[in-house]
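S.K.: give me the fold of what follows.
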Amino acid sequence: MQNLKISIYLKGAAKLNRFTTIDSILLAQYYAFMEKKGKRYEFDPEHKSVNFIHKENGVFSGSIWYLQKDSDFYLDFQSKIKTVEHRKIYDTTKGKTSENALFKNALIFDETIYASPIYFYIKGDKKIIELILKSQLRFIGKDRKLGFGEVSDITIEEIDE
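M.R.: Numbering: from 1, shown residues only. Take a look at the predicted model:
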């Protein structure tokens, strides 16, 4: 297992929260990759089949995302109001409007970041991580279906620590 720095280059804006980690991205891409190959796994909270990410005391070694100190970036804060069609949901679910979270209106704040690259640190098997990310990862973050977080390139380099 090597110490790695993974740089992800974005084409445009991404909606990432501060808790987006490379190990969670890798796990999602790994299971999607294996499913494409026809292999399905039963739910395993310890992820025993994952042997390409270093694990210590039951915790994977992936980091949150970072920016270079001198990189240009722009943050945009957007808000949207989620309104509910009470009658439509009630007819579908037969739920009680006062007790069900589906019936709550909400004010949702999204933070959009314009920056490239973002990078992560992880200890793992470079060959497998590179295979998974370069063959699978096309978008990152929230609202991928709307075009946010499109990945243009990925580089993985070994580092000392």
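S.K.: alpha carbons only for contacts and neighbour counts from here, please
M.R.: OK.
S.K.: the closest residue to residue 117 other than its chain neighbours: what's it in contact with?
M.R.: The spatial neighbour of residue 117 that comes closest, neighbours along the chain excluded (Cα to Cα, 6 or more residues apart in numbering), is residue 9 at 4.3 Å. Neighbouring residues of residue 9 by Cα atoms under 8 Å, 6 or more residues apart in numbering: 116, 117, 118, 151, 152, 153, 154.
S.K.: secondary structure class for residue 9?
M.R.: Secondary structure assignment for residue 9 (DSSP: H, G, I helix; E, B strand; the rest coil): strand.
S.K.: just residue 31 next, same as before
M.R.: Classified using three-state DSSP, residue 31 is helix.
S.K.: lowest mean pLDDT among the helices and strands of this structure, which one is it?
M.R.: The helix or strand of the chain with the poorest confidence is helix 86-93; it has a mean of 68 (mean pLDDT, DSSP states H and E).
S.K.: helices and strands around the very next helix or strand once past that one, which ones?
M.R.: Moving toward the C-terminus from helix 86-93, the next helix or strand (DSSP states H and E) is strand 106-115. With contacts taken as 3 or more Cα pairs under 8 Å, 6 or more residues apart in numbering; DSSP states H and E, strand 106-115 sits against strand 13-14, strand 73-82.
S.K.: parallel or antiparallel, which strands does the last one pair with?
M.R.: In the sheet containing strand 73-82, its partner strands are strand 106-115 (antiparallel), by DSSP bridges.
S.K.: buried ones in the partner strand?
M.R.: Along strand 106-115, these residues count as buried under the neighbour rule (16 or more other Cα atoms under 10 Å): 112, 113, 114, 115.
S.K.: alright, that wraps it up for me.
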